[in-house]
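[1] can't give you the sequence, but here's the structure:
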């Protein structure tokens, strides 16, 4: 028996578990005396919940009861907000949970032993390859272009008879660029109608580019498109885990078969409903964060940094082999950032003080900038 082998009389996981990439959550900042620490590693917004949302949470008095498994009140509120049928909405534990439901329904290993294939840009959301393989499907990552955008032509070329799902992340996490309506319309027209296209719009509320794809419009026009959204980012409810998908009944009826029962608590549902009722206040805060993003971007451009155009609540610095050095310099300034080894660093937009310190760090780190 080799040093790392497991005795045959012990319980063992599926073989895929050892091959899965590990999801790395954003680390908390290092505490440094005399400095306020800031977490810029998880794309959380820096604001607490709206007062009305906080009150909705405090008003909970039925924690001994299971929540409505269909999230009926929340789906009705979302239907009014998005102008879509409530039956087209399926809730999940964050957009991540909603995506798990989609992949478990439409991608896996078939009865003939052949794996479905799921195409996605890379680098994109790091959970994609984990969730695809957990579902039993084969991940097909397609490298992003030099400017951090999806290489849609290469994604089209990757389609074959085993392709079941394509994931499009817009704005793309962690690089930041959007997909435009024109290029998505063209892309969809070239994808077989039996392939499901997922528009992951976790950061859609931060988008200000008028050419950006409109996910609601796009799903309405296409039977094989599903929209993925979350309350974790702009609404500031990351801890409550509430997200949802929007698609036509041919898709949602199947999703509900797979959907995890009671995945969204009544606490999360009522908080999300309260947030939708005060959507103007939500957007006021989002607008202030977008203004901070534009201030940070302008400062970095003035310093001479080159990086992808972002429409999200983060920026991406393509630092390559110098990624670890930048992460260490940030830690020395009580800032936690999200480093992707040998590729780059994603930095969330946060409080003005944190953003000022990040701008200063970048000014002192031009020696690390990739040419």
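    Good, I have the coordinates. Treat the numbers as computed from the prediction; the structure is a model and nothing was measured.

[2] C-alpha from now on. contacts and neighbour counts both.
    OK.

[3] per-domain residue ranges of the protein.
    Taking automatic domain parsing as the criterion, the chain consists of the domains 15-48+280-365, 58-278.

[4] Please enumerate the helices of this structure.
    For the chain, applying DSSP state H gives helices covering 15-19, 51-58, 72-82, 94-106, 127-134, 152-157, 181-189, 215-221, 249-258, 266-277, 279-303, 323-331, 352-363.

[5] in the chain, which segments are predicted with low confidence?
    By pLDDT under 70, the weakly predicted segments of the chain are 1-7, 20-29, 370-371.

[6] again, 50 this time
    1 (pLDDT under 50).

[7] returning to what we had before: tabulate the helices of the chain in TSV, adding columns for mean neighbour count and distance to residue 165.
    Compiled in TSV, the helices of the chain are given as follows (neighbours: other CA atoms under 10 Å; distance: least, CA to CA, whole Å):
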stretch	mean neighbour count	distance to residue 165
helix 15-19	10	20
helix 51-58	16	35
helix 72-82	17	24
helix 94-106	23	7
helix 127-134	21	10
helix 152-157	15	11
helix 181-189	14	12
helix 215-221	17	15
helix 249-258	16	12
helix 266-277	22	28
helix 279-303	16	31
helix 323-331	18	32
helix 352-363	17	38
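
[8] how about those, which one is nearest residue 66?
    Distances from residue 66 to each of these were compared using CA to CA; the shortest belongs to helix 266-277, at 7.8 Å.

[9] can you tell me how far the spatially closest residue to residue 203 that is not a sequence neighbour sits from residue 41?
    Nearest non-adjacent residue to residue 203, counting by CA to CA, 6 or more residues apart in numbering: residue 312, 5.7 Å away. For residue 312, the distance to residue 41 equals 14 Å [CA to CA, to the nearest Å].

[10] Could you check which of the two has the larger neighbour count?
    residue 312 (28 against 22; other CA atoms under 10 Å).

[11] The more buried one reaches residue 208, doesn't it?
    No - with contacts defined as CA atoms under 8 Å, residue 312 does not count as touching residue 208, sitting 9.3 Å away.

[12] Could you find the closest non-adjacent residue to the residue nearest the centre of the chain?
    The central residue of the chain, meaning the one whose C-alpha is nearest the mean C-alpha position (CA atoms, centre = their mean), is residue 202 at 4.9 Å. Nearest-residue entry for residue 202: residue 229, 4.9 Å, with adjacent residues in sequence omitted and distances by CA to CA, 6+ apart.

[13] is that neighbour in a bridge, and if so with what?
    Under the criterion DSSP bridges, residue 229 forms beta bridges with residue 244.

[14] I'd like the distance between it and residue 189.
    As for residue 229, its distance to residue 189 is 23 Å (criterion: CA to CA).

[15] just residue 141 next, same as before
    Between residue 141 and residue 189 the computed distance is 21 Å (CA to CA).

[16] I'd like to know how many residues surround residue 167.
    Residues near residue 167, counting by other CA under 10 Å, number 21.

[17] related to what we said a few turns ago, export the domains of the chain as CSV, with columns for distance to residue 9.
    Converted to CSV, the domains of the chain look like this (distance: least, CA to CA, whole Å):
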stretch, distance to residue 9
domain 15-48+280-365, 16
domain 58-278, 24
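
[18] closest to residue 8 out of the ones you listed?
    Distances from residue 8 to each of the domains of the chain were compared using CA to CA; the shortest belongs to domain 15-48+280-365, at 13.4 Å.

[19] re the thing from before, how about the residue nearest to residue 203, what does it touch?
    Taking CA atoms under 8 Å, 6 or more residues apart in numbering as the contact definition, residue 312 lies against 171, 176, 177, 203, 204, 206, 207.

[20] What is the burial count for the first one?
    If you count neighbours by other CA under 10 Å, residue 171 ends up with 29.

[21] distance of the closest residue to it other than its chain neighbours from residue 216?
    The spatial neighbour of residue 171 that comes closest, neighbours along the chain excluded (CA to CA, 6+ apart), is residue 178 at 4.2 Å. Separation of residue 178 from residue 216 (CA to CA): 15 Å.

[22] Same check on residue 188?
    To residue 216, residue 188 is 14 Å away according to CA to CA.

[23] Also residue 159?
    For residue 159, the distance to residue 216 under the criterion CA to CA works out to 24 Å.

[24] Run a quick neighbour tally on residue 146.
    When counting by other CA under 10 Å, one arrives at 11 neighbours for residue 146.

[25] separation between it and residue 309?
    For residue 146, the distance to residue 309 equals 12 Å [CA to CA].

[26] Now for residue 310: which residues touch it?
    For residue 310, the set of contacting residues under the criterion of CA under 8 Å, 6+ apart consists of 171, 175, 176, 177, 178, 316.

[27] Neighbours of residue 144, how many?
    Under the criterion other CA under 10 Å, the count of neighbours that residue 144 has is 20.

[28] With adjacent residues omitted, what lies nearest to it?
    According to CA to CA, 6+ apart, the nearest residue to residue 144 is residue 150 (4.9 Å).

[29] who's in contact with that neighbour?
    Here residue 150 is in contact with 121, 143, 144, 168, 179 (CA under 8 Å, 6+ apart).

[30] could I get these as a markdown table with distance to residue 221?
    Formatted as a markdown table, the entries for the contacts of residue 150 read as follows, by distance: CA to CA, whole Å:
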| residue | distance to residue 221 |
| --- | --- |
| 121 | 23 |
| 143 | 28 |
| 144 | 27 |
| 168 | 17 |
| 179 | 17 |
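
[31] All good on my end, thank you.
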